[in-house]
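Asker: below are the sequence and a predicted model for it; my questions follow.
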Amino acid sequence: MKVKIDYSIYLVTDRDLMSTKTLEEAVEQALIGGCTLVQLREKDCSSLDFYNTAVKVKKITDKYDVPLLINDRLDIALAVDAAGVHVGQSDLPVPVVRKIIGEDKIIGISTGTLEEALQGQKDGADYLGVGAMYATGTKKDANLTSIEELKKIRENISLPIVVIGGINKERIKDFEGSGIDGLAIVSAIIAQKDIVEAAREFKTIFTSMYKNIHIED
């Protein structure tokens, strides 16, 4: 049975940006501040280091009863019994991922266009990560998705939608009326001196502007 997901404040990790000494500390502070979902993203480490980090991070997310997703690596997700995985357009197709990880795990896919979003929904993804919405240092080669394209995706897609890419507190207002289900945030939380307060501010602003947050059964 799939876990219930609150997509509202979705932390994506980046150890190169974190303000703390350890990633575990950064994740715990973000959860104390109100982050509702964590994606562990490790692009430049060995499989063993990724696994060991995932084990440590999952202990923390379990402590706060917050689901953990793994970026790209199905093997790591299975090894630590994460709630699921998030894949990109150049990763394994969603139907293949589903065969490997099973029906009870969450699969998210990155999309930037209506065409990609429709395909993701057809393929059986559980949610969409839409973006990059703004230019960002964590995804230097990403194409930008316009607010207009985001609205088209929302009009045609029934899945939960999380926006990602350069999201900060000042830009949340840009999504008012767009029907999104959450904000995927990297540096605006994990790179801040006070991670707890940064996460808390996002939670407060988002929940006040978007009352109808979608909880996936």
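Answerer: Yep, it's here. Numbers count the residues shown, from 1 in each chain.
Asker: would you map the strands across this protein?
Answerer: Assigned strands in the chain, in chain order: 5-6, 9-12, 37-40, 68-71, 84-87, 106-111, 127-130, 161-164, 182-185, 215-216 (criterion: DSSP state E).
Asker: lowest-scoring secondary structure element of this protein by mean pLDDT?
Answerer: strand 215-216 (a mean of 45; mean pLDDT, DSSP states H and E).
Asker: what number of residues lie near P67?
Answerer: P67 has 22 neighbours, counted by other Cβ atoms under 10 Å. Bear in mind the C-beta positions are built from the backbone N, C-alpha and C, glycine included.
Asker: just checking, it touches I5?
Answerer: Yes. In this structure, P67 is within contact of I5 by Cβ atoms under 8 Å, at 5.9 Å.
Asker: report the set of residues contacting both of the two.
Answerer: 37, 83, 106 (Cβ atoms under 8 Å, 6 or more residues apart in numbering).
Asker: which one is the second one nearest to, not counting chain neighbours?
Answerer: Looking back up the chat, that one is A83. Excluding its sequence neighbours, the residue lying closest to A83 (Cβ to Cβ, 6 or more residues apart in numbering) is P67, at 3.7 Å.
Asker: and the first one, by the same measure?
Answerer: Take L37 and drop its neighbours on the chain: the residue closest to it by Cβ to Cβ, 6+ apart is Y10, 4.5 Å away.
Asker: now do the one you found: how many residues are near it, please.
Answerer: Using other Cβ under 10 Å, Y10 has 30 neighbouring residues.
Asker: who's in contact with it?
Answerer: 35-39, 162, 164, 182-185.
Asker: what do you get for Q89?
Answerer: So Q89 contacts 109-112, 116 (Cβ under 8 Å, 6+ apart).
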